[in-house]
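Undergrad: Give me the fold of what follows.
(2 chains)
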Amino acid sequence: LIYSCRKPKTKRAKRFLEKREPKLKENTKNAMLIKGGNANLTVTEVLKDIYAVKKPFAVLYKKKNITRPFEDQTSLEFFSKKSDCSLFLFGSHNKKRPNNLIIGRMFDYHVLDMIELGVEKFVSLKDVKNSKCPEGTKPMLIFAGDMFDVNEEYRRLKSLLIDFFRGPSVPSIRLAGLEYVLHFTALDGKIYMRSYKVLLKKSGCKVPRIELEEMGPSLDLVMRRTHLASDDLYKLSLKQPKALKPKKKKNISHDVFGTTYGRIHMQKQDLSKLQTRKMKGLKKRPAEKSAESGGVSPKKSKSG
Amino acid sequence: MAAVRVEEVLAAAEEQEAEKRRSVTVEKELELEFDLGNLLALDRNPPAAAGLRGDVPRREALLRALARDNTQLLVAQLWELPAERAGGAGGPLVARLPEPAFRLPREKPPPRPRPPTRWEQFARLKGIRRRKRTSLVWDEEAKEWRRRWGYRRAGGDPARAWLAEVPEGADPEEDQFARLRREKRERVARNELNRLRNLARAHRAGTAVPAAPLHPTGHQSREELGRVARVARVSTASLGRFQPRLPKEPAEPPSRSGGKKRRFEPLLGNLAAERSRQLELLRDMGRKKPVLDITRAVNKQLRQEEAEAAAAKGKKQSKRGKRGRRQQRVGRSSKRGARRQQQQRPAG
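TA: Model (predicted):
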C-alpha cells in the first residue's frame, strides 16, 4: 500500500493518497503546462489555449521554470510527482529553436516519450471570432495523412496526441453534444492542427450532414528532436492487468448470421427409459405393441 | 396515363432519396479506421499535396474540406451505434460507446496483488466471512441512535468515564484508570506492530523475485549479471547446495547478512561492550595527536595511484605497440614531475 511509511491521519489524506496510487482502471491523465525560462508571447498563448481546451484535466503553471527537459528530466519528474500529472507540455523560445513546444508523457513518474515541436503559425482562440463550445467537451480526433502510419516518430506523435487530447473515457455519449473536432494533417514534414466546431444540419436521412466552423487554436507544427522510450519500456507501459480483460464466456459461439449457439453437456441417457408420460405422440401404437409382445392379439379398444 | 404519372412520381421520390443520401456520403480511396471508444478516426489517404502547398487561404479551405469529409464519416459511424433515450422518453439521445481499442500506455504500472495478511489467511482457512456491521447503535441512556465509535459515540465519551469497576480477583490497591489507559496503549502498540509486520511480509514477497529481469538487448552491467546468476544458482530444489561451479567462478560462502555491508549491533545487549566502546570514543576525542596520520594516508594513496597507472599502462602497451610506446614516453615524464611535487609537500 502506498501509505506504508506514513499512515495518513485523516480520511481526507487517505482519499488523497488512494487517488494517486496505481489502480486497475486508471484516472484520466492530467496535463501540466509549463513555461520555460525564456518563453515568449506566442508560446504562452499556445499554452493558455491548450489549457482552455483541456480543462479541468490540466494544470497551468504561471511562473517560468528554468529547465531543459532534453538535458535534465528530474525537475519535470518532480513536478509530475507533486501534481500527479502524467502528460506535460513545455514551452520555450530561443534563437536556435524558436517557439518550441515539448510534448511528452510519463510512466510511473519517469519520462516515457518526449517530442519537440516548433510552432510556425498560431491562431489563438481569441483571434477567431466565433462561438465556442463548452469547456470539457470530449473532442473527436481525426488524423489524416499516411505519414502517421509510415514513420515511427509520427506514429508515436499520433499516440501522444491521442493521449493528450482524448479526455475522460466515457461509456456513452450524447449524440447532439458532439461539438468539437481536432483534425491533424501530416504533410511535407509539417503537421497542421485545426480545431472546428461541428454543426449538425438536417439531412433527409438519420445521419445529419456536417458543417464545420473554424474555432479554437490552430497550429502549424514541425517536428524537431525526439526522445522516445525504448521498445521494451514502451511495451511494459502498454501492459494491461489481466483483470481488465473481458471474461470470455465458454460454450457460446456465434455464426455468420448472428445466431448465438450454446452447448449443453448431458450425461449419457438410457433412451428406452425416457419419461414419456402424457406425450401422446410417443404412445406405442397397436402395431408396435403386437410386434413386441410377439403375436399376442391386441386388446380391443373400448368404443362408444 | 395514370400509370406513367405514378412511375414518374416514384422515380422523382427515389431521386430525392438518393440526393439526400448523397449529402451525407463521402467517397474515399482507402477506408478510414475508426476507434469509436476514443471518438477517433484515422485517414490513411495521402492528402492532396498540390493544393496544400499553395497559398494560405486555399490551404485552409482544403484542410477544412478534408476535415469536413472525415468528420462526416466519423459521425456516420457514431450514428450507427446502438442509441437510447437517457432519462425517459423526453431525454437526449445517447449512444453507447464501445471500449477504446487504440492501445495507449498506462500512467502507472498495474498494481501488484498484495499477499494476504495473517488474519486474512486464518479467516480463509476457517471460512470466516466478514459480517457487515451497522454504522449506528442504539444507545439506551440517550434513547437514540448513536455511532459505534467516534464523535458522540454510544456508551459515552471514554475520556469522561468517572467510574471504573474493580474486576474480580484484581488487586484492590491497583489504579484501575491507569490500568485501562495502559491496556489501551498496549492494544494500539500491538495493532501497529502487526500492521508493520504484515507490510514487511508484503514488501519481502514483492522483492523476492528480481523485479527488473535482464535487459533484452544485452546491455547488462557486470553487477546485474552477477546478481541474476546468484539468484539463478539458488533457485534449485536444494537451494543451490549441489550446484556445480563454473571454471572461473570463485567459491562464495553464503553471506549471513544477505548482501548488506554494515551490520548493526542490537540496541540493548552487551552492556560491557557498549561501555568499552563509549570509553574508547571519549579517549579518541580527548587525544592531542590526530587519529589520522596524514603522511601515511597520502603515501598510501600515491602508491595506489601508481599501481593503477602501471596496470593501465601495461594494458595500453599490449594494445598499441610501437605507437603507444612513443606517445607514452612523453606522458610518463609529466606524471613523474607532478608526483615528485606531491611527495615533497607533506614533509614541508
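Undergrad: Do I have it right that residue A:226 meets residue A:153?
TA: Yes - with contact defined as CB atoms under 8 Å, residue A:226 counts as touching residue A:153 (5.3 Å). Quick note: C-beta positions are derived from backbone N, CA and C, even for glycine.
Undergrad: who has more neighbours, the two?
TA: More crowded of residue A:226 and residue A:153, by other CB atoms under 10 Å in any protein chain shown: residue A:226, with 17 against 13.
Undergrad: Can you classify the closest residue to residue A:101 other than its chain neighbours as helix, strand or coil?
TA: Leaving aside its chain neighbours, residue A:101 sits nearest to residue A:117 (4.9 Å; criterion: CB to CB, 6 or more residues apart in numbering or on different chains). Under DSSP: H, G, I helix; E, B strand; the rest coil, residue A:117 falls in the strand class.
Undergrad: show me the residues around the residue in chain B positioned nearest to chain A that make contact.
TA: Chain B approaches chain A most closely through residue B:20 (2.5 Å), counting by CB to the nearest CB. Residue B:20 is in contact with A:203-205, counting by CB atoms under 8 Å, 6 or more residues apart in numbering or on different chains.
Undergrad: shouldn't the residue nearest to residue A:101 be in contact with residue A:224?
TA: Yes - with contact defined as CB under 8 Å, residue A:117 reaches residue A:224; the gap is 6.5 Å.
Undergrad: Those two - which one has more neighbours?
TA: Set residue A:117 next to residue A:224 and count neighbours by other CB under 10 Å: residue A:117 wins out with 22 against 15.
Undergrad: ok, now how distant is that one from residue B:223?
TA: Separation of residue A:117 from residue B:223 (CB to CB, to the nearest Å): 39 Å.
Undergrad: next one: residue A:277
TA: Per CB to CB, residue A:277 is found 81 Å from residue B:223.
Undergrad: what do residue A:226 and residue A:153 both touch?
TA: Residues touching both residue A:226 and residue A:153 (CB under 8 Å, 6+ apart) are residue A:115.
Undergrad: tally of neighbours for residue B:69?
TA: As a burial measure, residue B:69 scores 20 neighbours (other CB under 10 Å).
Undergrad: How about the contacts made by it?
TA: Residue B:69 sits next to B:26, B:28 when contact means CB under 8 Å, 6+ apart.
Undergrad: try residue A:36
TA: Residue A:36 neighbours (CB under 8 Å, 6+ apart): A:64-68, A:90-93, A:100.
Undergrad: Counting only helices, which of those residues make the cut?
TA: Among the contacts of residue A:36, no residue falls in helices (DSSP state H).
Undergrad: List the buried residues in stretch B:88-106.
TA: B:94-95, B:97, B:100, B:102, B:104-106 (16 or more other CB atoms under 10 Å in any protein chain shown).
Undergrad: what's the neighbour count on the residue lying closest to residue A:189 once chain neighbours are set aside?
TA: Closest residue in space to residue A:189, ignoring its immediate chain neighbours: residue A:222 at 6.4 Å, by CB to CB, 6+ apart. Counted by other CB under 10 Å, the residues lying close to residue A:222 total 14.
Undergrad: Spit out the contact partners of the residue nearest in space to the middle of chain B.
TA: Nearest to the geometric centre of chain B sits residue B:109, at 6.0 Å (CA atoms, centre = their mean). Contact analysis of residue B:109 by CB under 8 Å, 6+ apart lists A:22, A:107-108, A:236-237, A:239.
Undergrad: Now intersect those with the helices, please.
TA: Per DSSP H, these map to helices at A:236-237.
Undergrad: out of the contacts of residue B:109, which are buried?
TA: So, by 16+ other CB under 10 Å, the buried ones in the contacts of residue B:109 are A:107, A:236-237.
Undergrad: now, which of the residues you listed lie close to chain B?
TA: On the criterion CB under 8 Å from any CB of the partner chain, A:107, A:236-237 are the entries of those that sit beside chain B.
Undergrad: got those residues as CSV, with pLDDT columns?
TA: Shown next, in CSV, are those (pLDDT from 0 to 100):
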residue, pLDDT
A:107, 92
A:236, 90
A:237, 91
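Undergrad: before we move on, the earlier item: overlap in contacts of residue A:117 and residue A:224?
TA: Jointly contacting residue A:117 and residue A:224 under the rule CB under 8 Å, 6+ apart are residue A:100.
Undergrad: which residues touch the residue of chain A found nearest chain B?
TA: Residue of chain A nearest chain B, by CB to the nearest CB: residue A:204 (2.5 Å). Contacts for residue A:204 (CB under 8 Å, 6+ apart) come out as B:16-17, B:19-21, B:23.
Undergrad: Separate out the buried members of those.
TA: B:20, B:23.
Undergrad: contact partners of stretch A:222-240?
TA: For stretch A:222-240, the external contacting residues (CB under 8 Å, 6+ apart) are A:70, A:97, A:100, A:104, A:107, A:111-118, A:120, A:152-154, A:156-157, A:189-191, B:103-106, B:109-110, B:215-217.
Undergrad: Extract the C-alpha trace of stretch A:83-98 and format it as PDB.
TA: Extracted C-alpha coordinates of stretch A:83-98, given in PDB (Å, rounded to 0.1, in the frame of the first residue of the first chain):
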ATOM      1  CA  SER A  83       0.800  17.400  -9.100                       C
ATOM      2  CA  ASP A  84       0.100  13.800 -10.200                       C
ATOM      3  CA  CYS A  85       0.200  14.700 -13.900                       C
ATOM      4  CA  SER A  86       1.400  12.200 -16.500                       C
ATOM      5  CA  LEU A  87       1.300  14.500 -19.500                       C
ATOM      6  CA  PHE A  88       3.200  17.600 -20.000                       C
ATOM      7  CA  LEU A  89       3.700  20.500 -22.500                       C
ATOM      8  CA  PHE A  90       6.700  22.600 -22.000                       C
ATOM      9  CA  GLY A  91       7.100  25.900 -24.000                       C
ATOM     10  CA  SER A  92      10.300  27.800 -24.600                       C
ATOM     11  CA  HIS A  93      11.900  30.100 -27.100                       C
ATOM     12  CA  ASN A  94      15.400  30.700 -28.100                       C
ATOM     13  CA  LYS A  95      17.300  31.700 -31.300                       C
ATOM     14  CA  LYS A  96      18.100  28.200 -32.300                       C
ATOM     15  CA  ARG A  97      14.700  26.800 -31.600                       C
ATOM     16  CA  PRO A  98      12.100  29.500 -31.900                       C
END
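Undergrad: how about the residues of the stretch 101-250 of chain B near chain A?
TA: So the stretch 101-250 of chain B meets chain A at B:102-111, B:114, B:199, B:203, B:215-217 (CB under 8 Å from any CB).
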